[in-house]
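In: Got a predicted structure plus its sequence, pasted below:
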Amino acid sequence: MQVPQSLFKAEGYDHREALFGVPPYGGSIAQNVYFADADLCDANVDNRRGYPIRPKDSHGNMEPWPSPYILLVDRGGCSFVNKVSLDTSIGFC
């Protein structure tokens, strides 16, 4: 994973695995990982922000990330269920 210098933390980030059903033990996932730069607790979040930086559209907004991908989201602020619900409703996935 490539981490922009501005997001690097020598001690790392506190994280937990998001479990949707039974994890595929012994399997693997290979997908692009993008950082939302938001905690996804507010419906007014700008889904054109985040890292890595993408090309801009004709309105000056970053284009969406190409699907499929894994979205990295800040912890806290609201429940995991709220984050996932908001994530899908505002077009992150």
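Out: Looks like it arrived, so ask away.

In: give me phi/psi at residue 86?
Out: Residue 86 adopts backbone torsions of phi -70, psi -40, taken as degrees, to the nearest 10.

In: count of neighbours near it?
Out: Neighbour count of residue 86, defined by other Cβ atoms under 10 Å: 20. Any C-beta I mention is one placed from the backbone N, CA and C, and that applies to glycine too.

In: Now do the contacts for it.
Out: 40-43, 45 (Cβ atoms under 8 Å, 6 or more residues apart in numbering).

In: Now which of those residues would you call buried?
Out: 40, 45 (16 or more other Cβ atoms under 10 Å).

In: For residue 83, state which of the contacts of residue 86 is nearest.
Out: residue 40 (4.4 Å; Cβ to Cβ).

In: is it true that the closest one touches residue 75?
Out: No - judged on Cβ atoms under 8 Å, residue 40 makes no contact with residue 75 at a distance of 10.3 Å.

In: sorry, back to before: among the contacts of residue 86, name the ones in helices.
Out: Within these, no residue falls in helices by DSSP state H.

In: Can you point out the buried residues in the worst-scoring helix or strand of the chain on mean pLDDT?
Out: Across the helices and strands of the chain, mean pLDDT, DSSP states H and E gives its lowest value to helix 80-89, namely a mean of 78. Judged by neighbour count (16+ other Cβ under 10 Å), helix 80-89 contains these buried residues: 83-84, 86-87.
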